[in-house]
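Colleague: Build me a model from this:
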Amino acid sequence: MASVSTSALVIAFQVVLIDLDMTITTMMWVLLNLLLLLACIVPTAGKLEDMFGQTNIYIFGYWVFVLGSLGGGFVQKKNQGYDLIAARIVIGFGAALLFTNSSAIITNYFTPYSKVGLAQSVLQMFSAMGIIFGPLIGGGFAQTY
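Modeller: Just a heads-up that it's a prediction; the model follows:
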């Protein structure tokens, strides 16, 4: 989900820019704040994982991501994209918690360590598929809606 979210908006850039009456600078913040949050929060999310448990932080990150995505779906033109920036910040925080904990959970729950490599490769495969299909999904939504 997080990899789709990071790549889908790139294709829909012009449509979102025009429909929400945004400036280029505001749209750049919409695109980059998620990646900025990923870079900043991923190192500290590991500490949160140690304090509150991997599964709890993963579930919390999932719901933060979902709520941010819902918030991004209800943006209004009158706010000129600032509500979309806020929604993407929430999405970025949830995505950072998801990215950090998914690999750790897989490593801990596959007890025969010979299977960990296979499990990690499946996780990375689905992440790559999200990056590949994100622009297709974003382009489909941009043309349809």
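
Colleague: Check the gap between the residue with the largest distance to the centre of the chain and Ala119 for me.
Modeller: Centroid-distance maximum for the chain: Pro112 at 30.3 Å, with C-alpha atoms, centre = their mean. Per C-beta to C-beta, to the nearest Å, Pro112 is found 10 Å from Ala119. In this view, the C-beta of every residue, glycine as well, is placed from N, C-alpha and C.

Colleague: Next: Ser69.
Modeller: 26 Å.

Colleague: Phe52 too?
Modeller: 23 Å.

Colleague: These two: which is more packed in?
Modeller: Taking other C-beta atoms under 10 Å, Phe52 and Ala119 do not tie; Ala119 has more neighbours (15 against 11).

Colleague: All the helices of the protein, residue numbers only.
Modeller: Along the chain, counting by DSSP state H, helices occupy 2-11, 13-19, 24-52, 54-73, 82-109, 116-144.

Colleague: okay, these in JSON lines with mean pLDDT next?
Modeller: Listed next are the helices of the chain as JSON lines, based on pLDDT from 0 to 100:
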{"stretch": "helix 2-11", "mean pLDDT": "76"}
{"stretch": "helix 13-19", "mean pLDDT": "83"}
{"stretch": "helix 24-52", "mean pLDDT": "88"}
{"stretch": "helix 54-73", "mean pLDDT": "92"}
{"stretch": "helix 82-109", "mean pLDDT": "89"}
{"stretch": "helix 116-144", "mean pLDDT": "86"}
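
Colleague: hang on, the earlier thing: now for the residue farthest from the centre of the chain: which residues touch it?
Modeller: By C-beta atoms under 8 Å, 6 or more residues apart in numbering, no residues touch Pro112.

Colleague: per-residue confidence for it?
Modeller: On pLDDT, Pro112 comes in at 72.

Colleague: Now it: phi and psi?
Modeller: Backbone torsions of Pro112, given as degrees, to the nearest 10, read phi -70, psi 110.
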